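**Student:** predicted model and sequence below, questions to follow.
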Amino acid sequence: MSGTAYRSLFGLVFLAGLTFGIFTASAFSWNVPDDTNVNSRYTVERIDLSGVPESKLSTRLRKELQQRVGQKFSPEAFAQLAGRIRDELKVRLVAPRLLRGSSSEQIRVVLEVSGRRIDVIGSPSRLAYQSRQGLTADVRAGVKGGYVGFVSDGDQLMERFTGLKAGYARSFFDGRVRPGFHFQSLRSQFHASTLAMRDEPYRGYQIYQPDVIFTPWRGADREEVTISVGLRLQRFTTPSPGVNREASHALVNTLRYQRVWGEESTGESTVHAEYALRAGLAGLASDYRFTRHEVQAGLDWSRGRHDVRLAVQGGGVSGDAPLYDRFAYGNTTTLRGWSKFELAPLGATRAVASTIEYGTRLRRKLMLAAFVDSGSVWNQNSRGAVRNSSGLGVRTKDGFYFYVAVPFRSGTVEPVFITGAYF
Amino acid sequence: MTRRMLLAHTAAPIARAMAPELLRVWWDDQTLRVQVPYLHFLDGKSLERLHSGAALVFSLQLSLSSDRFTTVVRRSVDRYVVSFDLWEERFAITGLGGAKTQATNLSRDAAERWVVDHAALSVSGVAEDKPLWLRMDLRADDPKESAGLALDPGVTLARLIEWFGRPQRGVDNRWALEKGPFRLTDLKR
């Protein structure tokens, strides 16, 4: 696909997100018409919030609630207000409940707030250790939309990158539009197997990334679609400064969907899917021109003691992409037990991986888990071998995990230890 | 055959014969109508929601088959919004669709009867002497959970039938009753 085509695609996604966001935010209402609820003939005597203090609401929303006092009860208006409170407090559910007022013809409205909403965008801090890759730490602290963090990650990419990151994002329209700006300054350290095949491509880089996250659709419960559009301005520090290949600017777009339904006692399911597109375009004054597609999808199901996870992901890179944008499968999350340096020391331009994991509860939060991973990484114009691995371990609901993974290969059994925690 | 099995085989038809008729069917002027005297759907979670001032959508589907539901020869879907008056402690119902019907000041039993009594299925053209099977599906939905389908006045019958087949979220109430085989000529008119 050419650069022009990608610009068109970018524009299309942007406009679709914006239009759908505005449309769904204001006009898409399926509440019961007022005249079908017999209680709409009564006057609202007072409105109470249950589950959170009223001071948590914005002044504007508090004022709008107060304006409803003394008026006839409108189910439609209260359903819309409940939706706005849900968005503002980032909670799962706000359910209006009606009670009799102090005198006949009057009613009290109690808005019952419950549950926390799952954040499908936020990436938590994490620690991870893989016996072949070493330690990974990605720790961040944030206040009111701003954050700073330290990272030393030998897991995600073909290199270990170490440094600082910071950013700021602010929500508008009840969190449906969230512009942000992110900065990273990192040093790169390449593995010996990578350096055996090519010269050191770069020594580090800075990334400046403005982006906007739209939430065009939020379901009644725990369902959300987000579209993220941004521009990654990346500048490498090369071994020979100023010579060439310093800039890798790209459009970065992601479409995400997540839905959670049910409760754990009766069976809770989570479906999530993500499509990410990165495009290094000539028009961005980038020294690299490439496109990178990656798709991820998964299903988590848990009921009582049992927990099943299915996940599949894969993608392709075309054009001239820096090492940073090539696939590094064979880490703590994909093809566990295999080493990415063994599978593709320079990263891969094609990758696919899947996971099936079953867990059974040993104690209240502790689970015994077993998994089978399959997948392949390869480069354009070559064929990749299918790799399989399996493992056994424990994990907790708090985010801790410990696995012993064994890659399926003829002759030798080489267990790999993987442990870590999200927090 | 053991004594217990013999008893079971003998007792089952007797129990069936003595069991109350859950789905009563009658017809009038080429229209099939039903009664469900033992079904109380304004109960449990639905009733709790109604007592909290919520309005719920009840959808009732009647399906008529001549081959034990391998194929359906006639089908109808009716939708009603039910709410509960907090001060009067009586139910109110609004029918959705073409002619907007309404009823207020109903007791719980009367409200349940009203919903079922208003369901009708045309049987014009259906052979009167052939065996038939009738199925009644009733579901209660939170309007938001049904993605607006339950309330959409312009929704097609095909979409409603497809929606009946989907799993439910929110208010978890669904009932199905069947009757058959019967012949139209044998039914009370």
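**Tutor:** That came through, no problem. Because the structure is predicted, anything quoted here is derived from the model rather than measured. Numbering: from 1, shown residues only, chains lettered A, B, ... in the order given.

**Student:** dump the residue contacts of the residue of chain B found nearest chain A.
**Tutor:** Nearest to chain A in chain B, going by CB to the nearest CB, is residue B:53, at a distance of 2.6 Å. C-beta here means a position set from N, CA and C on the backbone, and glycine is covered the same way. Shown in contact with residue B:53 (CB atoms under 8 Å, 6 or more residues apart in numbering or on different chains): A:37, A:39, A:96-99, A:107, B:83-84, B:86.

**Student:** how about a cut-off of 7 Å?
**Tutor:** A:39, A:97-98, B:86 (CB atoms under 7 Å, 6 or more residues apart in numbering or on different chains).

**Student:** for those residues, which one is nearest residue A:421?
**Tutor:** Of all the contacts of residue B:53, residue A:97 has the smallest distance to residue A:421: 39.1 Å, by CB to CB.

**Student:** next, the closest one: secondary structure please.
**Tutor:** Assigned with DSSP: H, G, I helix; E, B strand; the rest coil, residue A:97 falls in the strand class.

**Student:** that one and residue B:50 touch, don't they?
**Tutor:** No: with contact defined as CB atoms under 7 Å, residue A:97 does not reach residue B:50; the gap is 11.5 Å.

**Student:** neighbour count: these two, which is higher?
**Tutor:** Neighbours were tallied for residue A:97 and for residue B:50 using other CB atoms under 10 Å in any protein chain shown; the higher tally belongs to residue B:50 (22 against 16).

**Student:** next, the spatially closest residue to residue B:96 that is not a sequence neighbour: secondary structure please.
**Tutor:** Using CB to CB, 6 or more residues apart in numbering or on different chains and skipping the chain neighbours, the partner closest in space to residue B:96 is residue B:79 (4.3 Å). Following three-state DSSP, residue B:79 is assigned to strand.

**Student:** what's the neighbour count on residue B:79?
**Tutor:** Residues near residue B:79, counting by other CB under 10 Å: 23.

**Student:** could the contacts of residue B:53 go into JSON lines alongside distance to residue A:277 and pLDDT?
**Tutor:** Formatted as JSON lines, the contacts of residue B:53 follow (distance: CB to CB, whole Å; pLDDT from 0 to 100):
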{"residue": "A:39", "distance to residue A:277": "49", "pLDDT": "92"}
{"residue": "A:97", "distance to residue A:277": "44", "pLDDT": "90"}
{"residue": "A:98", "distance to residue A:277": "47", "pLDDT": "93"}
{"residue": "B:86", "distance to residue A:277": "53", "pLDDT": "94"}
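
**Student:** and which of those residues is nearest to residue A:185?
**Tutor:** residue A:97 (51.3 Å).

**Student:** how near is that closest one to residue A:136?
**Tutor:** 47 Å (CB to CB, to the nearest Å).

**Student:** okay, the residue of chain B closest to chain A: pLDDT?
**Tutor:** Looking at residue B:53, its pLDDT stands at 91.

**Student:** so it belongs to a helix, correct?
**Tutor:** No: under three-state DSSP, residue B:53 falls outside any helix and is assigned coil.

**Student:** still on that earlier bit, looking at the contacts of residue B:53, which is nearest residue A:209?
**Tutor:** Nearest to residue A:209 among those, with distances taken as CB to CB, is residue A:97, at 43.9 Å.

**Student:** relative to residue A:37, how far out is that closest one?
**Tutor:** 13 Å.

**Student:** residue B:96 too?
**Tutor:** With CB to CB as the criterion, residue B:96 and residue A:37 are 13 Å apart.

**Student:** these two: which has the busier surroundings?
**Tutor:** residue A:37 (26 against 20).

**Student:** okay, now residue A:422: neighbour count?
**Tutor:** Residue A:422, neighbours per other CB under 10 Å, totals 14.

**Student:** hang on, it packs against residue A:400?
**Tutor:** No: here residue A:422 does not reach residue A:400: they are 8.2 Å apart, not a contact under CB under 7 Å.

**Student:** where does the nearest residue to residue B:85 once chain neighbours are set aside fall, phi/psi-wise?
**Tutor:** Spatial nearest neighbour of residue B:85, excluding adjacent residues (CB to CB, 6+ apart): residue A:38 at 4.6 Å. Backbone torsions for residue A:38, taken as degrees, to the nearest 10, come to phi -60, psi -20.

**Student:** measure residue A:38 to residue B:90 for me?
**Tutor:** With CB to CB as the criterion, residue A:38 and residue B:90 are 8 Å apart.

**Student:** who has more neighbours out of those two?
**Tutor:** Per other CB under 10 Å, whichever of residue A:38 and residue B:90 has more neighbours is residue A:38, with 25 against 16.

**Student:** quick one: the more buried one from residue B:54, how far?
**Tutor:** Applying CB to CB to residue A:38 and residue B:54 gives a distance of 11 Å.

**Student:** same check, this time on residue A:367
**Tutor:** 37 Å.

**Student:** so which of the two has more stuff around it?
**Tutor:** residue B:54 (24 against 21).

**Student:** helices of the stretch 201-350 of chain A, start to end?
**Tutor:** A:340-343 (DSSP state H, counting those that start in this stretch).

**Student:** tell me the bridge partners for residue A:214.
**Tutor:** Beta-bridge partners for residue A:214, by DSSP bridges, are residue A:177, residue A:227.

**Student:** right, and the helix or strand after the lowest-mean-pLDDT helix or strand in chain B?
**Tutor:** Within chain B, confidence by mean pLDDT, DSSP states H and E is lowest for helix B:3-18 among all helices and strands, at a mean of 47. Of the helices and strands lying after helix B:3-18 in sequence (DSSP states H and E), the nearest is strand B:24-28.

**Student:** appreciated, that's everything.
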